[in-house]
Every structure is written in structure tokens, then in C-alpha cells.
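Novice: okay, sequence plus prediction incoming.
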Amino acid sequence: MKKREISELWKTAGFSHLSASQLLRSPAKWIFDYLHLTSEERRDVGVGERAAIGTSVHTAVQSIVCHGADIDEAIEAAQIAFDFHPADEDDVLRVKFRECIPQMVHQGVNICVENGFTGAIDEERIDCWLDDVNVPILGFVDLLVEGSMFGEMKTKAPRKTKLLKDGSQGWAKATLPKRPEFAHICQAAIYWHALRVTPSIIYIAEHDAVIFNAYNCPELQADSINNALNEMRQKALIRQNLLTVSTDPKVLASITDPDWGHMYQWKMKQEWLERAKDLWKI
């Protein structure tokens, strides 16, 4: 394969790569996060408890399945990591999610072992190029069985319901999907493009876990995953075309719709939301 080079357009804008998570943001959110904010500021924006429990459970499952760690020690380490995670959106979620970690780790380990991921490589780096996109896509795969398959783990935590009569918080079990979420298929499509092995998406909850792959899920078969890959290519080309207009986030904000009503794109602390809204003031 002919060696490709990052174009001056992307270099001038400060990019050495894109990622699936970048492409799955709306163009407006991408402009705010990656052209307006610095990398240090992006870290300061922070994430919520759902992301924090996902990181803790992922790390524990990987340490057990890939490296043979003791499950009790891995769970303890996961809870400690969760305790020190900077997420601070909701103290009630933090207490509840910490209690969920042991069972989620057990569910994750069981389904990974049952499906052949024992001894897999964790956090395998991939990079690949998409047609006409002049910057590579970089990622890290959760679990890789070389020459055979990869797995991406997604956690599903309980959600709040109404307060109970005694004043305590009510909870509902996390709902495991009947089909993988499209955003997760798109991420898997990038990794499939780089690795060319069977893709798997694993959803882990406190009470159960489910795995989707090309054998039980049409959305992860060749035609569908190629369609998802093309969707990601289109998203990358949109960003590339935006940069041909300007690398100034204020200019790009003037020609994009921020869609403030999006259900999660702009879920952030008020100080950061106000900064984003200032960027879109015309």
C-alpha cells in the first residue's frame, strides 16, 4: 500500500489524526472541542459518572481476561480508581455505581471468557486511512484475538427513577440493547477496516451481558459494516471540507448549526456551555 502523508490542511489546523469519538460528535461539537478548546481545556470539561464506571469496569475486565489478574483484586482496584475519578456530576450516581462495579466486572469477565477472549491483547493501537481523507484515524481496541476477532466493551449502568415513599432514590435496571447502537457499529467499522477480523460489541450490565458479532447480528456483517464505514468517511470529509473554509472556530461556528437541543452533545457544566454559546453568537 502506498504510504500516505497528512495534508498541510490538517497539519495547519493542528491535527495529527482523527478518532472514532471525534467523528461521532456533531460537526458543531467537534468545532468547539477540537478547534476552540485546547487539549488541557478538553480534559477540564470532564466526564460524568457513566463514563467513569465504564473506564473502571473496562480496566478490570481487561486485567483479568487478558493478564490473568485475580478477580477480587481487580475489582478492588476498579473501585479505588472509580473513587479517585474526577467525574462529579452526581453524588447519588457515584454511590450507586460504585456498588455496581463488582457484579459488572463478573458479568464482563464471564461473557468474554465464554466467547474466546481469554488471553486477548488489550488496548491494541490501530491506525488507518479512509478514501480521500488526508489524515489517519487512530484508535485503541479493547480486546483483540490476533487473526480472529476483536471486542469492544460498552457498559450499561442503572438509571434513576422517582423517589420512593421513604425518600430514597428509586432505580431501574440498565436495559441491554437487542441490537448494537449505531454509534458503536460505526466505531467497530473503523477497527474492522484496520484489522479485518470479526467485530464484536459486548454490552455489560450489573445483571447480565450480551455480545453481538457477525454470526448473530446482521448489523455487523460485511454489507452493513461497510455502510457504517462509509458513514464515518462522510463525517471525516465534512470536517475536512470545513477546514478548507477556515481553521478559525468563530468562522466555522457562523456556518454551522449548534443544535443546542441535542439530547447529550451539549451535556456539560454551565460554565462550558456558556462558553460554547458565546462562540456561536453572531
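Specialist: Received the coordinates, thanks.
Novice: chain center to stretch 233-253, what's the gap?
Specialist: 22 Å (C-alpha atoms, centre = their mean, to the nearest Å).
Novice: I'd like the numbering to begin with 4 instead of 1 from here.
Specialist: All right, first residue 4 from here; so that's stretch 236-256.
Novice: what does that stretch contact?
Specialist: Stretch 236-256 is contacted by residues 12-13, 15-17, 21, 25-27, 30-31, 33-35, 38-39, 133-138, 140, 258-259, 282-283 when judged by C-beta atoms under 8 Å, 6 or more residues apart in numbering. Bear in mind the C-beta positions are built from the backbone N, C-alpha and C, glycine included.
Novice: please identify which helix or strand holds residue 232.
Specialist: helix 225-248 (DSSP states H and E).
Novice: can you check residue 146 too?
Specialist: Using DSSP H and E, residue 146 falls in strand 140-148.
Novice: just checking: what are the partner strands of the helix or strand just after that strand?
Specialist: Where DSSP H and E defines the elements, the next helix or strand beyond strand 140-148 is strand 152-158. Sheet pairing of strand 152-158 (DSSP bridges) gives strand 140-148 (antiparallel), strand 201-207 (parallel).
Novice: just these: most buried one?
Specialist: strand 201-207 (a mean of 25; mean count of other C-beta atoms under 10 Å).
Novice: give me the beta-bridge partners of residue 158?
Specialist: In beta-bridge terms (that is, DSSP bridges), residue 158 pairs with residue 207.
Novice: what count of nearby residues applies to it?
Specialist: Using other C-beta atoms under 10 Å, residue 158 has 26 other residues around it.
Novice: could you do residue 110 as well?
Specialist: Residue 110: 22 neighbours (other C-beta under 10 Å).
Novice: ranking helices and strands of the chain by mean pLDDT, which lands last?
Specialist: helix 42-48 (a mean of 89; mean pLDDT, DSSP states H and E).
Novice: downstream of that one, the next helix or strand is which one?
Specialist: That would be, after helix 42-48 and using DSSP H and E, helix 52-70.
Novice: what's that following helix packed up against?
Specialist: On a contact count with 3 or more C-beta pairs under 8 Å, 6 or more residues apart in numbering; DSSP states H and E, helix 52-70 meets helix 74-87, helix 94-117, strand 124-131, strand 140-148, strand 152-158.
Novice: in the last one, what counts as buried?
Specialist: What it means is strand 152-158. 152, 153, 154, 155, 156, 157, 158 (16 or more other C-beta atoms under 10 Å).
Novice: likewise stretch 226-244?
Specialist: So stretch 226-244, judged by 16+ other C-beta under 10 Å, has buried residues 228, 231, 232, 234, 235, 236, 238, 239, 242, 243.
Novice: pLDDT (mean, whole number) over that stretch?
Specialist: Across stretch 226-244, the average pLDDT comes to 98.
Novice: CA-only coordinates of that stretch in PDB, if you can.
Specialist: C-alpha atoms of stretch 226-244 as PDB (Å, rounded to 0.1, in the frame of the first residue of the first chain):
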ATOM      1  CA  ASP A 226     -22.600  -5.100   3.900                       C
ATOM      2  CA  SER A 227     -23.800  -3.200   7.000                       C
ATOM      3  CA  ILE A 228     -20.400  -2.600   8.400                       C
ATOM      4  CA  ASN A 229     -19.200  -1.200   5.100                       C
ATOM      5  CA  ASN A 230     -22.200   1.100   5.100                       C
ATOM      6  CA  ALA A 231     -21.200   2.300   8.700                       C
ATOM      7  CA  LEU A 232     -17.600   2.700   7.500                       C
ATOM      8  CA  ASN A 233     -18.800   4.900   4.600                       C
ATOM      9  CA  GLU A 234     -20.800   6.900   7.100                       C
ATOM     10  CA  MET A 235     -17.600   7.600   9.100                       C
ATOM     11  CA  ARG A 236     -15.800   8.500   5.900                       C
ATOM     12  CA  GLN A 237     -18.500  11.100   5.100                       C
ATOM     13  CA  LYS A 238     -18.200  12.600   8.600                       C
ATOM     14  CA  ALA A 239     -14.500  12.900   8.200                       C
ATOM     15  CA  LEU A 240     -14.900  14.500   4.700                       C
ATOM     16  CA  ILE A 241     -17.300  17.100   6.200                       C
ATOM     17  CA  ARG A 242     -14.700  18.100   8.700                       C
ATOM     18  CA  GLN A 243     -12.000  18.200   6.000                       C
ATOM     19  CA  ASN A 244     -14.300  20.400   3.900                       C
END
